[in-house]
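Student: How does the following fold in three dimensions:
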Amino acid sequence: MPIVKFPYGKRFIEYDIPSERLRAVLVSNLQDYPVPEDGNETVLEAMRNPVGSQRLCRLAEGKQKVVIIASDHTRPVPSRFIIPHMLKEIRQGNPCADITILIATGCHRGTTKAELIEKFGEDIVKNEKIEIHDCLDEENLVHIGTLPSGGECVINKIACEADLLVSEGFIEPHFFAGFSGGRKSVLPGIAGRRAVLANHCSEFIADEHSRTGILEGNPLHADMLWAARTAGLKYIVNVIINEKKEIVHAVAGELEAAHSAGCDFLKKLCAVKAVPSDIVITTNGGYPLDQNIYQSVKGMTAAEATVRRGGVIIMLASAEDGHGGEQFLAQMSAAEKPEDITAAILRRGRNETLPDQWEAQVLCRVLSHASVIYVSDAPDDMVRAFHMHPAHSLPEAMKLAEEILGNPEASITAVPDGISVMVLK
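Tutor: Purely as a prediction, here's the structure:
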């Protein structure tokens with residue numbers, strides 16, 4: 001029997017799947033892409049050859065207030081390999097630059113000091129100026145215009161006051177923005193909550209273009225790109241990582257051109273064809289992306305694209321931080337059927353969006369297509385509140401899936417890392 005490894009928290013779960021039942025193991029070709037010997041050199045090479053832009057050191061000339069937007073604790077961006085090089089280049093162009101690292105928390109909780117040290121290393125945390133974005137801190141938010149969606153765009157004041165605004169990040173398939181990275185550093189990264197709510201409205205989430213791997217015609221992407229351009233984001237450094245969180249590629253340069261180049265690289269490697277099965281086993285890529293139920297909805301959408309209607313998705317995600325959003329929990333607990341939750345969400349206009357409703361909307365879409373068994377360390381009652389079946393091991397989940405389907409020989413497709421692939425129907 002083939003043994004498949006599934007990332008779970010900071011470890012892997014291995015499982016023997018009967019050969020006669022296994023239809024396919026869907027993995028990104030990114031995992032077979034040669035890993036450069038030196039991740040630092042990969043980043044440096046991208047920065048030496050920026051796409052559509054001058055080098056960062058040239059952009060920094062004469063700029064006194066420089067802000068680097070950096071990812072928060074929920075993103076596996078290898079900031080230790082990126083931020084030091086960005087700091088060095090900025091100071092090469094202007095040794096006296098006043099540099100602030102602004103942590104793009106979006107609507108997440110604030111990043112702790114311990115998480116900052118784990119992410120950046122002690123030297124940067126000790127010696128650099130670091131500010132953590134708070135989407136509810138109205139005194140430190142500035143209005144910069146009206147989004148194409150019609151919502152008010154407000155972002156962090158520190159970014160608005162910068163003479164030069166740049167960002168780091170990583171690019172991966174994203175379940176409604178098409179791809180992560182690039183423009184997402186601004187919206188939702190350093191935006192006020194009301195801007196995020198307008199962008200993540202039910203109408204946009206329901207749009208057929210708001211799917212993994214799609215940028216053209218994607219209304220969420222259009223808002224995000226407008227916000228980043230209007231905020232003055234001049235330069236990005238984005239990396240692409242494999243399932244081991246190793247850097248395999250990097251791009252740097254002008255916001256849209258560099259991001260597009262990174263997306264094109266990734267698209268060629270991570271698209272896989274759906275293999276419909278009764279049961280699909282997947283994950284959210286392990287730590288740090290499977291820390292809560294909220295984030296793990298992303299991985300479920302990969303399984304959604306290949307599980308048969310009425311089938312079962314087994315989601316492996318440690319959820320050590322619990323649900324990930326009080327509003328997310330409240331909305332998912334508000335009705336007995338996912339369809340009723342969806343109906344209530346769709347009745348809300350663009351400027352009536354509730355916090356976290358987009359995650360509830362996508363989860364309800366998944367649940368309307370298939371049952372979900374959630375293997376985690378979260379309390380059973382919490383998992384049930386999200387209309388999912390709790391389990392604490394993969395064998396337990398498999399037994400439950402067979403009972404739900406009434407078929408001990410149900411076919412199986414494995415998607416070991418649900419956020420690293422674009423499953424095409």
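
Student: and A385, how many neighbours?
Tutor: 16 (other Cβ atoms under 10 Å). C-beta coordinates here come from the backbone N, C-alpha and C atoms, glycine included.

Student: Once you drop chain neighbours, what's closest to it?
Tutor: Spatial nearest neighbour of A385, chain neighbours left out: S333 (4.8 Å); criterion: Cβ to Cβ, 6 or more residues apart in numbering.

Student: just checking, the one you found touches M382?
Tutor: No: applying Cβ atoms under 8 Å, one finds S333 not in contact with M382, separated by 9.8 Å.

Student: In three-state terms, how would the nearest residue to P219 once chain neighbours are set aside be classified?
Tutor: In space, and not counting its chain neighbours, P219 is closest to F204: 4.5 Å by Cβ to Cβ, 6+ apart. State at F204, reduced to three classes by DSSP: H, G, I helix; E, B strand; the rest coil: helix.

Student: for F204, what are its contacts?
Tutor: Contacts for F204 (Cβ atoms under 8 Å, 6 or more residues apart in numbering) come out as S149, F176, S210, P219, L220, D223, R350.

Student: Confirm that the second one sits in a helix.
Tutor: To tie it back to what came earlier, the one meant is F176. No: assigned with three-state DSSP, F176 falls outside any helix and is coil.

Student: which residues sit in contact with it?
Tutor: Applying Cβ under 8 Å, 6+ apart to F176 gives the contacts F204, I205, S210, R211, L220, W358, V362.

Student: Can you check the pLDDT for the residue nearest to it when sequence neighbours are not counted?
Tutor: In space, and not counting its chain neighbours, F176 is closest to S210: 4.5 Å by Cβ to Cβ, 6+ apart. With respect to pLDDT, S210 scores 96.

Student: Spatially nearest residue to A257, not counting backbone neighbours?
Tutor: Leaving aside its sequence neighbours, A257 sits nearest to G52 (Cβ to Cβ, 6+ apart; 3.3 Å).

Student: Can you get me a residue count around the one you found?
Tutor: 13.

Student: Now A191. Its backbone dihedrals?
Tutor: According to degrees, to the nearest 10, the main-chain angles of A191 amount to phi -90, psi 160.

Student: Give me the nearest residue to L164, chain neighbours excluded.
Tutor: L164 sits nearest to K63 (Cβ to Cβ, 6+ apart), 4.0 Å away.

Student: Okay, strands next: where are they in the stretch 101-250 of the chain?
Tutor: 129-132, 141-146, 152-156, 164-170, 173-174, 178-179, 233-241, 247-253 (DSSP state E, counting those that start in this stretch).

Student: Adding mean pLDDT and distance to V196, write the ones you listed out as JSON lines.
Tutor: Supplementary listing: the strands of the stretch 101-250 of the chain in JSON lines, determined by pLDDT from 0 to 100; distance: least, Cβ to Cβ, whole Å:
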{"stretch": "strand 129-132", "mean pLDDT": "98", "distance to V196": "16"}
{"stretch": "strand 141-146", "mean pLDDT": "97", "distance to V196": "12"}
{"stretch": "strand 152-156", "mean pLDDT": "97", "distance to V196": "10"}
{"stretch": "strand 164-170", "mean pLDDT": "97", "distance to V196": "17"}
{"stretch": "strand 173-174", "mean pLDDT": "92", "distance to V196": "15"}
{"stretch": "strand 178-179", "mean pLDDT": "96", "distance to V196": "17"}
{"stretch": "strand 233-241", "mean pLDDT": "97", "distance to V196": "17"}
{"stretch": "strand 247-253", "mean pLDDT": "97", "distance to V196": "25"}
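
Student: so which of those strands comes closest to V312?
Tutor: strand 173-174 (22.8 Å; Cβ to Cβ).

Student: which other residues reach stretch 117-129?
Tutor: The contact list for stretch 117-129 (Cβ under 8 Å, 6+ apart) reads 70, 73, 77, 79-80, 83-84, 87, 98-101, 111, 113, 116, 130.

Student: Give the buried residues for it.
Tutor: Residues E118, K119, F120, I124, V125 are the ones in stretch 117-129 that count as buried (16 or more other Cβ atoms under 10 Å).

Student: before we move on, what about stretch 360-374?
Tutor: For stretch 360-374, by 16+ other Cβ under 10 Å, it's 360-367, 369-374.

Student: again with stretch 198-211
Tutor: Buried residues in stretch 198-211 (16+ other Cβ under 10 Å): A198, N199, H200, C201, S202, F204, I205, A206, D207, H209, S210, R211.

Student: Many thanks, we can stop here.
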